[in-house]
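Asks: Predicted model and sequence below, questions to follow.
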Amino acid sequence: MVPNAYISLHDVSAVAAHADTYFSTPLMLSIDGAHGKLRLAVFFKGASADYVNRLAEAINGVKP
């Protein structure tokens, strides 16, 4: 069982995403902030590589 998790990030200046090609295509998030860069991998249960690619494209398509 995976426990619920909560993360709060403050002073974020940018978010970028890409679909990685290993370990069942996780969505890789790169979050820049006042205290450096955070890299986060999100693995979706049963999601296709196409879904993860489209999600990354949508995230990267949003401009501040």
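Replies: Thanks, I have it.

Asks: contacts, neighbours, all on C-alpha from now
Replies: OK.

Asks: Give me the nearest residue to the residue nearest in space to the middle of the chain, chain neighbours excluded.
Replies: Centroid-nearest residue in the chain, with Cα atoms, centre = their mean: Leu29, separated by 2.9 Å. Spatial nearest neighbour of Leu29, chain neighbours left out: Ala17 (4.5 Å); criterion: Cα to Cα, 6 or more residues apart in numbering.

Asks: Touching, that neighbour and Asn60? I think so.
Replies: Yes - the criterion here is Cα atoms under 8 Å, and Ala17 meets it with Asn60 at 6.3 Å.

Asks: Compare those two and say which is more crowded by neighbours.
Replies: Ala17 (22 against 14; other Cα atoms under 10 Å).

Asks: The helix or strand harbouring the more buried one: which residues count as buried?
Replies: Secondary-structure assignment from DSSP states H and E places Ala17 in strand 12-19. For strand 12-19, the buried set under the neighbour-count rule, 16 or more other Cα atoms under 10 Å, comprises Val15, Ala16, Ala17, His18, Ala19.

Asks: helices or strands up against it?
Replies: Counting by 3 or more Cα pairs under 8 Å, 6 or more residues apart in numbering; DSSP states H and E, the packing neighbours recorded for strand 12-19 are strand 27-33, helix 49-61.

Asks: thinking again about what came up before, quick one, what contacts the residue nearest to the centre of the chain?
Replies: Contact analysis of Leu29 by Cα atoms under 8 Å, 6 or more residues apart in numbering lists Val15, Ala16, Ala17, His18, Leu38, Arg39, Leu40, Ala41, Val42.

Asks: Let's see that with 10 Å instead.
Replies: Val15, Ala16, Ala17, His18, Ala19, Leu38, Arg39, Leu40, Ala41, Val42, Ala56, Ile59 (Cα atoms under 10 Å, 6 or more residues apart in numbering).

Asks: right, and the third one touches Ala58 too?
Replies: When you say that, I think you mean Ala17. Yes - Ala17 lies in contact with Ala58 (Cα atoms under 10 Å); the separation is 9.0 Å.

Asks: any weak-confidence spans in this protein?
Replies: Applying pLDDT under 70 to the chain flags the ranges 1-2, 23.
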